[in-house]
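[1] whatever this is, show me its structure:
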Amino acid sequence: MDAPQYPAGAFAPEANYGPDRRDEFIAAIAEAPAALSETIAGLSEEQLDSKYKNWTVRQIANHLADSYFRFKWALTEQVPTIKAYDEGRWADLKDSRTGDIRAPLALLEGLHARWVHLLRSMTDEQFARAFLHPETGKTVTLNEALCYYTWHGRHHTAQIRWLRQQHGW
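    The predicted model follows:
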């Protein structure tokens, strides 16, 4: 069976949501590292190097820590143009393809703890701040970005869950 493009469902953007929904998104960001760790727990080195489409489980785990800085730029600069990066080339670097899986999981846990601390301190005005994405040309508010990154963690964790289910791991 071919791996589905969006095993957690396609991204459904939400731009104008209230404080309760924001709290749900922040809770999901807080829980994402534990969900990923639980999903990866017990996998062998061979299983960590199994691919979901183009990336291995290990590459997916490394990829998830690359989002937090966009919030910091938008909070400290006036509609900054964020730095786009070639995710595929980043994932192909040796540190993403090899090594102890505990390192990216620990990085994600620490990074998300710091990110959640920042998110919980932000005001409505700060969530309205934005960055410019150079590849799409779109201005993205931090409210919109929070919604996206909540989905992003679920999406990649669901890829690994799908692999586990398909292989009976």
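
[2] distance of residue 30 from residue 51?
    Using CB to CB, to the nearest Å, we find residue 30 at a distance of 29 Å from residue 51. Placement of C-beta: from N, CA and C, glycine included.

[3] so the two - more neighbours on which side?
    Using other CB atoms under 10 Å, the more surrounded residue of residue 30 and residue 51 is residue 30, with 16 against 13.

[4] pLDDT value on the closest residue to the more buried one other than its chain neighbours, please?
    Nearest non-adjacent residue to residue 30, counting by CB to CB, 6 or more residues apart in numbering: residue 116, 4.5 Å away. The per-residue pLDDT reported for residue 116 equals 97.

[5] same check on residue 84?
    Looking at residue 84, its pLDDT stands at 87.

[6] contacts only, for it.
    Listed by CB atoms under 8 Å, 6 or more residues apart in numbering, the contact set of residue 84 reads 133-135.

[7] which one (most neighbours) among those?
    That'd be residue 133 among these, by other CB under 10 Å, with 15 neighbours.

[8] would you agree it is in contact with residue 85?
    No - counting by CB atoms under 8 Å, residue 85 is not a contact partner of residue 133; they are 11.6 Å apart.

[9] remind me, longest helix of this protein?
    Ranked by residue count, the top helix of the chain under DSSP state H comes out as helix 142-167.
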